[in-house]
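Student: sequence and predicted model, in that order:
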Amino acid sequence: MDKILRIHMGPDHAPKATTEPIGDYAGFGGRAMTSAVVAKEVPPTCHPLGEDNKLVIAPGLLSGSAAAMSGRLSVGCKSPLTGGIKEANSGGQPAQVLGRLGYAAIILEGRPAEDKLYKVLINKDGVEILPADNLKMLGNYDAVEKLTSEYGDKICCISIGQAGEMKLGAATVACTDMELRPSRHAGRGGVGAVMGSKGVKAIVLDDTGMSMRSPKDPDKFKEANKAFVAGLKQHPVTGQGLPAYGTNVLTNVVNEAGGYPTYNFKIGRFDKAASISGETQAETETARGGKATHGCHRGCVIRCSGTYMDKDGHYLTKQPEYETVWAHGGNCGIDDLDSIAMIDRLDDDFGLDTIEMGATIGVAMDAGLAEFGDAARAIELVREVGKGTPLGRILGSGAGVTGKVFGVERVPVVKNQSMPAYDPRAVQGMGVTYATSTMGADHTAGYAVTANIMGVGGSVDALKPEGQIDLSRDLQIATAAIDSTGMCLFIAFAILDQQETFQALLDMINSFHGLNFTADDVTNLGKTVLKLERDFNEGAGFGPKDDRLPDYFLKEALAPHNITFQVSDQDLDTVFNF
C-alpha cells in the first residue's frame with residue numbers, strides 16, 4: 001500500500017481521480033492515517049458539510065495480508081455531529097480489498113457543483129467516477145443489490161443510505177460483509193453525512209487479479225501469525241465468550257454489575273435483560289436456522305458476528321451487537337429481540353448509527369413521543385428517518401438535537417455524541433473515557449469495562465474514582481495504536497492479559513514491514529495520534545469545558561448502587577498529561 005487515491009468532486013471541475021505516492025503519510029494506517037490527513041489538510045473551523053472538509057477512508061498497516069483480524073477500516077473527517085475530529089471504524093471486506101489494491105487511503109474532497117450523485121469503481125485497471133442518480137434515496141441493501149447486478153458478486157461496497165444523502169448527523173458509512181450484505185458500519189459521528197455531502201453514494205471495490213500483500217520475512221510472519229491466533233483462541237473472551245454469544249454476551253454481565261443504562265439512563269438494571277441477552281439471542285438464531293458464530297470479513301478468527309432470521313426463517317439482519325441491543329432494547333424498555341432486530345435492519349438500510357438512534361429514541365420517549373417499552377412505535381420513529389419527514393430529520397440528527405427540539409434535560413451526550421451501553425456512574429472508568437475522548441462519548445476510545453467489570457488487564461473498582469484516570473489514559477493510548485494497525489479492537493482482551501500475544505502482534509508488524517517496532521513504539525504511536533486529534537479539536541474551539549459529562553450524572557444517583565459520577569473536573573483535565 002504505497003499510494004493514495006484522491007477523488008476530487010469539484011466544484012470548479014467535473015469529478016476526477018488522481019493517484020499520488022504516500023509521501024508524508026508513509027508509516028500511517030487506519031486511524032493514524034485518517035487523523036493525520038484530517039489534521040493536516042482540513043481547516044478545523046470549516047463547515048463539516050462544506051467543500052473544505054475531507055472524508056478519508058483507510059485500511060490498516062496489515063490489511064490485505066494474511067494477518068488474522070486485520071480487516072478493520074477507518075473512516076475519518078471533521079464530524080458534523082460533534083464538530084471535532086472523527087474516526088469511525090468498521091469491519092467487513094473493504095479494508096482487505098483496498099489493501100490488496102495497493103491504496104493506503106482514499107480521500108474524498110471538494111463538492112459537486114450540482115446536486116448529482118456518483119459512484120466510484122476501483123479495480124486493478126484504475127478508477128472510474130460514474131453517475132449514480134439511479135441509486136438516489138435507495139437504502140443500502142437495494143443499492144448494493146443494484147451494484148452487484150451490474151458488477152458481479154466478486155466486489156465489495158462502501159455506501160450510504162438515505163440518511164447520508166440527507167446529510168443527517170447520525171448517518172453512517174456501510175461496508176459489505178463476506179455475503180455482500182451492507183451490515184458493517186463506520187457508525188459514529190455522522191461520517192455518512194460527509195460522504196453524502198461529497199455526492200458519493202457508493203465506492204465499488206474489485207480486487208480480481210490482485211494478489212495478497214506479501215511480508216518482508218514470510219517465515220517469521222507466518223510463525224507470528226500462528227502464535228497470535230493461538231493466543232486469541234486461548235483467551236476466554238476472544239476464544240469462548242465472543243464466538244459463542246457475540247458481543248451481546250455482555251448484557252447479563254453489565255446488567256448484573258448495575259451499569260446497564262435503562263429508560264434513558266434512569267436506572268442501572270433492566271429487569272427483562274435476560275430476554276434480550278446474548279445467550280437468548282444465540283439460542284433464537286440457531287433455532288431459526290441462522291448462525292450465532294460468523295466472521296464479518298475473511299481472516300477473522302474471533303467470529304463474534306452472526307445471522308438473525310425472522311420467525312419464518314428468512315434473513316433479517318446480522319446479529320445485533322451488544323450496543324445495538326442495549327440502545328434499542330433496555331435503554332428504551334424494549335424486551336423483544338425480533339423488534340430490536342428489525343430496528344437494526346432499518347438502521348443498517350437507512351445508514352444510521354444504532355447507538356445514536358437508540359439514545360435518540362430514548363430521549364424521544366422521555367419527551368412523550370412514545371412510551372417506554374413500545375416497540376411498534378420505536379420502529380415507526382426510525383421509519384420516519386428513512387422517509388425524511390420533518391420529525392425524521394430531527395431524530396436522524398441525533399439525541400442532542402432531539403433533546404433541544406423537545407425540551408428534554410436528560411440527554412446522554414458528550415460533545416453532542418450519544419453515550420453507549422455503560423452508565424458512567426456505575427462504570428466510572430468509562431465515564432472518564434466518555435468525557436475526555438477526542439471523539440465524543442465513545443466506548444471504543446478507551447474501553448475501561450475491561451478492568452472495571454471484566455478483570456481483564458487488571459482490576460479497578462468501577463464505583464470509585466481512584467485509578468480511573470490512569471486506566472482511561474492508558475486504554476485511549478493503546479486503542480489509538482490498535483486502530484492504526486487495522487486490527488479488530490477485540491484483540492485487546494488477549495493482548496492485555498497475555499504478553500506473548502502482544503509480542504506476536506509486534507512480531508507480525510515487524511516481519512511484515514521489515515521494522516523493529518517495540519512496545520514503547522506502540523505507546524508513542526498512540527500518543528502521536530491522540531495529539532493530532534487534540535490539536536485539531538483545540539483549533540475547532542474545544543477546551544476543558546467540553547471534556548465533561550452532562551450535569552445530571554453528577555447530581556442524580558443511579559440505582560442500584562445509588563452513586564453519582566465521582567471523578568473530579570480537575571482530574572479529568574489531567575488525562576492527556578503524558
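Tutor: Ah, there it is. Please read all numbers here as calculations on a predicted model, not as lab measurements.

Student: in stretch 15-24, what's buried?
Tutor: For stretch 15-24, burial by neighbour count (16 or more other CB atoms under 10 Å) applies to 15, 22. Glycine gets a C-beta too; all of them are placed from N, C-alpha and C.

Student: other residues contacting that stretch?
Tutor: Under the criterion CB atoms under 8 Å, 6 or more residues apart in numbering, residues 1-9, 40, 104, 112, 118, 120, 126-129, 199 lie in contact with stretch 15-24.

Student: CA atoms only: put that stretch into CSV for me.
Tutor: This file holds the C-alpha atoms of stretch 15-24, laid out as CSV (Å, rounded to 0.1, in the frame of the first residue of the first chain):
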residue,chain,number,x,y,z
PRO,A,15,-15.3,14.8,-10.6
LYS,A,16,-11.9,13.3,-11.2
ALA,A,17,-9.5,10.8,-9.6
THR,A,18,-5.7,11.2,-9.1
THR,A,19,-3.2,8.8,-7.6
GLU,A,20,-0.1,10.0,-5.7
PRO,A,21,2.7,8.5,-3.7
ILE,A,22,2.0,8.0,0.0
GLY,A,23,4.7,10.7,0.8
ASP,A,24,4.5,12.3,4.2
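
Student: count the residues that sit near residue 219.
Tutor: Neighbour count for residue 219, taken as other CB atoms under 10 Å: 9.

Student: tell me which helix or strand it sits in.
Tutor: Taking DSSP states H and E as the definition, residue 219 sits inside helix 218-234.

Student: that helix - what's its average pLDDT?
Tutor: Averaging pLDDT along helix 218-234 gives 94.

Student: ok, then the element right after it?
Tutor: helix 236.

Student: check the offset of whichever helix or strand comes after that next one from the chain's centre.
Tutor: Beyond helix 236 on the C-terminal side, the first helix or strand identified by DSSP H and E is helix 242-245. The chain centre lies 19 Å from the centre of helix 242-245; the measure is CA atoms, centre = their mean, to the nearest Å.

Student: and the closest residue to residue 138 other than its chain neighbours, what does it touch?
Tutor: Nearest non-adjacent residue to residue 138, counting by CB to CB, 6 or more residues apart in numbering: residue 146, 7.2 Å away. Residues in contact with residue 146 (CB under 8 Å, 6+ apart) are 134, 135, 138.

Student: can you check residue 267 too?
Tutor: Residues in contact with residue 267, defined by CB under 8 Å, 6+ apart, are 558, 559, 560.

Student: next one: residue 115
Tutor: Neighbouring residues of residue 115 by CB under 8 Å, 6+ apart: residue 199.

Student: list only buried entries from the contacts of residue 146.
Tutor: Buried members of the contacts of residue 146, counted by 16+ other CB under 10 Å: 135, 138.

Student: can I get the contacts of residue 146 in CSV with distance to residue 445 and pLDDT?
Tutor: Below are the contacts of residue 146 laid out as CSV (distance: CB to CB, whole Å; pLDDT from 0 to 100):
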residue, distance to residue 445, pLDDT
134, 38, 96
135, 33, 98
138, 32, 98
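
Student: in the stretch 201-350 of the chain, which spans are helices?
Tutor: 218-234, 236, 242-245, 250-256, 278-287, 322-328, 337-350 (DSSP state H, counting those that start in this stretch).

Student: for residue 108, which of the ones you listed is the nearest?
Tutor: Nearest to residue 108, of all the helices of the stretch 201-350 of the chain, is helix 337-350, at 20.8 Å by CB to CB.

Student: what's the closest one packed up against?
Tutor: Secondary-structure packing of helix 337-350 (3 or more CB pairs under 8 Å, 6 or more residues apart in numbering; DSSP states H and E): helix 140-151, helix 278-287, strand 315-318, helix 322-328, helix 354-366, helix 375-387.

Student: among the helices of the stretch 201-350 of the chain, which is the most enclosed?
Tutor: helix 322-328 (a mean of 29; mean count of other CB atoms under 10 Å).

Student: and that one, what's its mean pLDDT?
Tutor: Across helix 322-328, the average pLDDT comes to 97.

Student: off-centre distance for it?
Tutor: Centroid separation for helix 322-328 versus its chain: 14 Å, with CA atoms, centre = their mean.

Student: same check, this time on stretch 386-398
Tutor: Averaged C-alpha coordinates place stretch 386-398 at 21 Å from its chain's average position (CA atoms, centre = their mean).

Student: end to end, how far does it reach?
Tutor: Its first and final residues considered, stretch 386-398 spans 14 Å by CA to CA, to the nearest Å.

Student: can you list contacts of it?
Tutor: 81, 137, 139, 161-163, 166, 168-171, 190, 346, 349-350, 352, 356-357, 359-361, 364, 381-385, 401-402, 405, 413, 416-418.

Student: restricted to buried residues, select the contacts of stretch 15-24 in ChimeraX.
Tutor: A single ChimeraX command selects the buried members of the contacts of stretch 15-24 (16+ other CB under 10 Å):
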select :1,4,5,6,7,8,9,104,112,118,120,127,129,199
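
Student: would CSV of the helices and strands packed on helix 337-350 with distance to residue 470 be doable?
Tutor: Putting the helices and strands packed on helix 337-350 into CSV (distance: least, CB to CB, whole Å) gives the following:
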stretch, distance to residue 470
helix 140-151, 41
helix 278-287, 30
strand 315-318, 36
helix 322-328, 25
helix 354-366, 26
helix 375-387, 39
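
Student: and those: which comes nearest residue 546?
Tutor: helix 354-366 (18.2 Å).

Student: now the closest one: average pLDDT?
Tutor: On average, helix 354-366 scores 98.

Student: distance from the chain centre to it, please.
Tutor: Taking CA atoms, centre = their mean, the mean C-alpha location of helix 354-366 is offset from the chain mean by 17 Å.

Student: by contact count, what packs against that helix?
Tutor: When contacts are defined as 3+ CB pairs under 8 Å, 6+ apart, helix 354-366 sits against helix 322-328, helix 337-350, helix 375-387, helix 390-395, helix 399-406, strand 417-418.

Student: so what touches the first one?
Tutor: Helix 322-328 is contacted from outside by 246-251, 260-261, 276, 278, 281, 320, 334, 337, 339-340, 343-344, 347, 354-355, 357-359, 361-362, 378, 420-421, 443, using CB under 8 Å, 6+ apart.

Student: give me the domain ranges for this protein.
Tutor: Using automatic domain parsing, the domain ranges for the chain come out as 3-205, 261-418.

Student: that older thread, residue 228: which of the helices and strands packed on helix 337-350 is closest?
Tutor: Residue 228 lies closest to helix 322-328 among the helices and strands packed on helix 337-350, at 24.4 Å (CB to CB).

Student: hang on, the earlier thing: could the contacts of residue 146 be laid out in a markdown table, adding distance to residue 154 and secondary structure?
Tutor: Converted to a markdown table, these look like this (distance: CB to CB, whole Å; DSSP: H, G, I helix; E, B strand; the rest coil):
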| residue | distance to residue 154 | secondary structure |
| --- | --- | --- |
| 134 | 22 | helix |
| 135 | 20 | helix |
| 138 | 22 | coil |
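
Student: make TSV out of the contacts of residue 146 and add distance to residue 36.
Tutor: Below are those laid out as TSV (distance: CB to CB, whole Å):
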residue	distance to residue 36
134	36
135	31
138	33
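
Student: and of the contacts of residue 146, the nearest to residue 212?
Tutor: Among the contacts of residue 146, residue 135 lies closest to residue 212 (CB to CB), at 30.9 Å.

Student: right, I'll call it a day here.
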